[in-house]
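Chemist: quick one, what's the 3D model for this:
(2 chains)
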Amino acid sequence: LAKTTQPISMDSYEGQEVNITCSHNNIATNDYITWYQQFPSQGPRFIIQGYKTKVTNEVASLFIPADRKSSTLSLPRVSLSDTAVYYCLVFGLTGGGNKLTFGTGTQLKVEL
Amino acid sequence: EAEVAQSPRYKITEKSQAVAFWCDPISGHATLYWYRQILGQGPELLVQFQDESVVDDSQLPKDRFSAERLKGVDSTLKIQPAELGDSAMYLCASSLAGPRGGYTFGSGTRLTVV
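Modeler: Below you'll find the predicted structure:
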């Protein structure tokens, strides 16, 4: 199972674009990358998932370079309500990789 | 939007007592997970069910923890006896078939052991 490394914390201001980069140097060919968001006293919430290149939904964009050894979650024009912990995870589709293993995540703090 | 229901929301218990948590996953979700989250850390998988069968319980402290999903729908996680170190948030999640497409988590049960 590929280990992920992401910054412990990040600070931003309302209206700015936030990019959180995650490294996963040992990602396997069949692994996918997924991101979750967690607010205090709530369960994590699925944000976005991808395999390669770029994925975009109504909440965020996920950029994955060709070598797939890293990925970047992009949050456009953040607001105070985006203050949360963001987890980068890698998973496979079979065997022991077919589950989500969380690290400590990135604590994003958005200020006025 | 469909939700994963968990109860109770909060639980305070004395050490050495028994405690149980309940989870009702999204209808039709075959896979159910129990995670434990200690303050300041990411969630840690305790047990994974596929329908009524345990797929992975390698991280479940089986001397005191037990989990069941008898009819392949709702699930119960039990701790007996509770220890001070069990104080944590216990999260339940469900998915249609594994992590692809995302898990849906419940709001969790905050356990405090005194």
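
Chemist: so what's residue B:26 up against?
Modeler: Residues in contact with residue B:26 (CB atoms under 8 Å, 6 or more residues apart in numbering or on different chains) are B:2, B:3, B:4, B:94, B:104. Every residue, glycine included, has its C-beta placed from N, CA and C.

Chemist: just send these back as CSV, with secondary structure and distance to residue A:17 too.
Modeler: Putting the contacts of residue B:26 into CSV (DSSP: H, G, I helix; E, B strand; the rest coil; distance: CB to CB, whole Å) gives the following:
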residue, secondary structure, distance to residue A:17
B:2, coil, 31
B:3, coil, 31
B:4, coil, 31
B:94, strand, 33
B:104, strand, 28
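
Chemist: dump those residues to JSON lines, plus neighbour count.
Modeler: As requested, the contacts of residue B:26 are arranged in JSON lines below (neighbours: other CB atoms under 10 Å in any protein chain shown):
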{"residue": "B:2", "neighbour count": "11"}
{"residue": "B:3", "neighbour count": "14"}
{"residue": "B:4", "neighbour count": "22"}
{"residue": "B:94", "neighbour count": "24"}
{"residue": "B:104", "neighbour count": "21"}
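
Chemist: nearest to residue A:61 among these?
Modeler: The nearest member of the contacts of residue B:26 to residue A:61, counting by CB to CB, is residue B:104 at 21.9 Å.

Chemist: count the residues that sit near residue A:27.
Modeler: 22 (other CB atoms under 10 Å in any protein chain shown).

Chemist: which SS class is it?
Modeler: Here residue A:27 is recorded as coil under DSSP: H, G, I helix; E, B strand; the rest coil.

Chemist: wouldn't it be in contact with residue A:70 here?
Modeler: No: using CB atoms under 8 Å, residue A:27 is not in contact with residue A:70, being 9.0 Å away.

Chemist: picking up where we left off before, quick check: which of the contacts of residue B:26 has the minimum pLDDT.
Modeler: For the contacts of residue B:26, the model is least confident at residue B:2; its pLDDT is 85.
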